[in-house]
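Engineer: my questions are about this predicted structure, shown below with the sequence.
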Amino acid sequence: VQLVESGGGLVQAGGSLRLHCAASGRTFSNYVMGWFRQAPGKEREFLGGISKSGGSRFYAEFVKDRATVSRDNAKNLVYLQMNSLKPEDTAVYYCAASSGRLSSLIREYEYWGQGTQVTVSS
């Protein structure tokens with residue numbers, strides 16, 4: 001599976017963003033999809049994930065009130081909507097695909113995009 005993220009950029013604090021991740025190469029609906037981010041000098045962290053059908057979602061505790069993950073299997077797209085952005089949300093955001101179960105664990109995801117930079121200004 002090839003994954004390409006888009007939608008990043010510069011956002012003011014308090015604003016929102018919607019990231020897209022386009023998948024190609026294999027049957028998209030066979031994969032659980034997750035969103036992660038990595039800030040400079042920090043480890044990559046899980047934000048949220050969505051099951052193969054889109055019927056189940058799972059979020060990290062620290063973003064669950066601000067983030068929404070969705071997918072469109074007909075278009076091979078997965079989305080991350082984040083609201084009330086803060087400067088500490090500045091990071092490179094990644095989507096990832098797993099042929100296994102919905103999980104927050106990085107090791108469960110076999111395929112990764114190249115990431116898209118999100119910068120939140122104060």
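Structural biologist: Perfect, I can see it now.
Engineer: quick check: closest non-adjacent residue to residue 104.
Structural biologist: Leaving aside its chain neighbours, residue 104 sits nearest to residue 46 (4.0 Å; criterion: C-beta to C-beta, 6 or more residues apart in numbering). In this view, the C-beta of every residue, glycine as well, is placed from N, C-alpha and C.
Engineer: now swap in residue 22 and tell me
Structural biologist: residue 4 (4.9 Å).
Engineer: just checking, next helix/strand downstream of the helix or strand containing that neighbour?
Structural biologist: Using DSSP states H and E, residue 4 sits in strand 2-6. Next along the chain after strand 2-6, taking DSSP H and E as the criterion, comes strand 9-12.
Engineer: my read: residue 85 touches residue 122, true?
Structural biologist: No: using C-beta atoms under 8 Å, residue 85 makes no contact with residue 122, being 10.4 Å away.
Engineer: residues shared between the contacts of these two?
Structural biologist: Here residue 85 and residue 122 have residue 13 as joint contacts, going by C-beta atoms under 8 Å, 6 or more residues apart in numbering.
Engineer: who's more crowded, these two?
Structural biologist: residue 85 (20 against 9; other C-beta atoms under 10 Å).
Engineer: at the geometric centre of this protein, which residue do we find?
Structural biologist: residue 35 (2.3 Å; C-alpha atoms, centre = their mean).
Engineer: gap between it and residue 19?
Structural biologist: 7 Å (C-beta to C-beta, to the nearest Å).
Engineer: mind checking pLDDT for the residue nearest to residue 100 when sequence neighbours are not counted?
Structural biologist: Among residues not flanking residue 100 along the chain, residue 108 sits closest, at 5.4 Å (C-beta to C-beta, 6+ apart). Note for residue 108: predicted pLDDT of 97.
Engineer: can you check residue 90 too?
Structural biologist: pLDDT at residue 90 comes out at 97.
Engineer: now do the one 4 residues further on
Structural biologist: Confidence at residue 94, expressed as pLDDT, is 98.
Engineer: what is the burial count for residue 74?
Structural biologist: 8.
Engineer: does it count as helix, strand or coil?
Structural biologist: coil (DSSP: H, G, I helix; E, B strand; the rest coil).
Engineer: what's near enough to touch it?
Structural biologist: Residue 74 neighbours (C-beta under 8 Å, 6+ apart): none.
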